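>>> predicted model and sequence below, questions to follow.
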Amino acid sequence: MKNKILLSTLLTSVISFSASADTEMSPWYIGAGTGINDYQVQCDKSATSSCDDNTPYGWELFTGYMFNQYIGLELGYRDLGQANWTHFNGELNDYGSIDTKGVTLGLIGYYPFAERWNINAEIGAMRYDSKITNQWGNIYGNSEAGNHTDYTPYIGAGVGFNITENIMLSAVYRHYQDLNPTQNNFYDLENNYWGIKLSYRFGSKAKNLPTPTATVTQAVKVDKVANNTPPLVNTPHRFDIDSKFDHDSTVINETAYQDIKKVADFMKANPNSKVTISGHASRIGSAKYNLSLSTRRAEAVEALLVLKFNIDPARITSIGYGFSQPLILGHSPIANEANRRIEAEVIIEPSE
């Protein structure tokens, strides 16, 4: 009963989850795996003199749907192999065996910690069918054989490596609890599984959309507006804006206002100047979405220059580059924070 409640809770959680699949890669994937199973508990009972995994090799086939790059739902079919045991009294017919296979449904989560590496975890339930053979020799004169169907929860963890953008190889561990192949739960079996699996995700990552080519002229970084050197004509003057955007946000932190004010003051001191605001994003999400997000971030800075600092909008150009120009490669929190940024380049045009 408790296993059926667990499965019901899992399905409810899945149905209520909000999907937001990556728009470039297909959310669908398929795969297969193989590994070694180890049945436990029954082999530790005092009534059991020997126990072995006659067919320890298991296998699985699966298909899944990724809601986003972190969370997915996976449906599979798994064979947990076969275990045999001999009872303690050593009678000729004192033996038992179990062969378990069934359908699984679970949530799987991924966390990338390097360019191609991730750690993953899974939780779900298995509707299993166990083929049981059991006999208690001359002492009990009893035997049991047939199939038993029930539900059991499982948990798992692993490490994955993206061989290509479509193919991932993973090493996994799973634990199945409460594999009770008889009505009286005499055996109270558990199963540990160690294996590898290969998955293929359909689709391909979209190429970065074309963006305007930046000027090849070496930019001059401006640390302060007032200095004794007059600004150079037709030379980009770069301002770093410490915007510190939150994930998936276009809200400018107030700590960035002083940096934006420097841009405005420089432009007011040089009436022939124009500014290009460049927005950048981290690699979380699709290229298309991040290009839009970075453009909106640049436009947010443009709006602040116009509305708060009274800069003519005709002197401002806003461009989004998505994640095509990262400061730090990778998916780490440090890289993501650094790559969510705004840059401003002011060019002073010659006087007519």
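Right, received. Where do you want to start?
>>> dump the residue contacts of the most centrally placed residue in the chain.
Centroid-nearest residue in the chain: residue 70, 2.4 Å away (criterion: CA atoms, centre = their mean). Residues in contact with residue 70 (CB atoms under 8 Å, 6 or more residues apart in numbering) are 109-111. From N, CA and C alone the C-beta is placed, and that goes for glycine too.
>>> model confidence for it, exactly?
pLDDT for residue 70: 87.
>>> could you pull out the strands for the stretch 151-300 of the chain?
Assigned by DSSP state E, counting those that start in this stretch, the strands in the stretch 151-300 of the chain fall at 167-179, 189-203, 220-221, 237-241, 273-279.
>>> so for the third one, what's the average pLDDT?
To tie it back to what came earlier, the one meant is strand 220-221. 56.
>>> where in this structure is pLDDT low?
Filtered on pLDDT under 70, the chain yields the residue ranges 1-24, 40-55, 85-96, 134-146, 180-188, 205-231, 233, 244, 352.
>>> residue 299 is in contact with residue 252, correct?
No: using CB atoms under 8 Å, residue 252 makes no contact with residue 299, being 10.9 Å away.
>>> and these two? Which one has more around it.
A count of neighbours by other CB atoms under 10 Å puts residue 252 above the other of residue 252 and residue 299, at 20 against 17.
>>> who's in contact with that one?
Per CB under 8 Å, 6+ apart, neighbours of residue 252: 243, 245, 260, 300-301, 304.
>>> how long is stretch 176-196 end to end?
Taking CA to CA, to the nearest Å, stretch 176-196 runs 17 Å from one end to the other.
>>> can you give me the helices for the stretch 251-352 of the chain?
257-269, 287-307, 333-339 (DSSP state H, counting those that start in this stretch).
>>> my guess is residue 325 meets residue 282, correct?
No: with contact defined as CB under 8 Å, residue 325 does not reach residue 282; the gap is 11.8 Å.
>>> contact partners for residue 33?
59-60, 62, 170, 172, 195-198.
>>> using the three-state scheme, assign it.
strand (DSSP: H, G, I helix; E, B strand; the rest coil).
>>> setting aside sequence neighbours, what's the nearest residue to it?
The shortest distance from residue 33 to any non-neighbouring residue, by CB to CB, 6 or more residues apart in numbering, is to residue 197 (2.9 Å).
>>> any of the contacts of residue 33 buried? List them.
Using 16 or more other CB atoms under 10 Å as the burial test, the contacts of residue 33 include 59-60, 62, 170, 172, 195, 197 as buried.
>>> dump those residues to TSV, plus distance to residue 81.
Putting those into TSV (distance: CB to CB, whole Å) gives the following:
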residue	distance to residue 81
59	9
60	11
62	17
170	20
172	15
195	11
197	16
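>>> could you work out the most separated pair of these?
The largest separation in those, counting by CB to CB, is between 59 and 170 at 14.6 Å.
>>> residue contacts, residue 327?
280, 335, 338-339, 341.
>>> return the closest of the residues you listed with respect to residue 267.
Once CB to CB is applied, the member of the contacts of residue 327 that ends up nearest residue 267 is residue 341, at 20.2 Å.
>>> residue contacts, residue 339?
So residue 339 contacts 280-283, 323, 326-328 (CB under 8 Å, 6+ apart).
>>> residue 131: which of these is nearest?
The nearest member of the contacts of residue 339 to residue 131, counting by CB to CB, is residue 283 at 47.9 Å.
>>> for the closest one, which non-adjacent residue is spatially closest?
residue 323 (4.7 Å).
>>> cool, residue 101 as well?
residue 79 (4.3 Å).
>>> surely the one you found and residue 61 touch.
No: here residue 79 does not reach residue 61: they are 9.4 Å apart, not a contact under CB under 8 Å.
>>> who has more neighbours, these two?
Neighbour totals were compared for residue 79 and residue 61, and residue 79 leads with 17 against 14 (other CB under 10 Å).
>>> so how far is residue 312 from that one?
71 Å (CB to CB, to the nearest Å).
>>> picking that back up, closest to residue 31 among the contacts of residue 70?
Among these, and counting by CB to CB, the member closest to residue 31 is residue 110, at 13.6 Å.
>>> pull out the buried residues from the one helix or strand that closest one maps to.
Taking DSSP states H and E as the criterion, residue 110 maps to strand 94-112. Across strand 94-112, burial judged by 16+ other CB under 10 Å covers 94-102, 104-108, 110, 112.
>>> out of those residues, which one sits closest to residue 84?
Distances from residue 84 to those, taken by CB to CB, are shortest for residue 97, at 4.5 Å.
>>> in contact with the residue nearest to residue 33, which residues?
By CB under 8 Å, 6+ apart, the residues touching residue 197 are 31-34, 60, 62, 169-170, 172.
>>> 10 Å instead?
Shown here is residue 197, whose contacts under the criterion CB atoms under 10 Å, 6 or more residues apart in numbering are 31-35, 59-62, 76, 158, 160, 168-172.
>>> and it, how far is that from residue 110?
13 Å.
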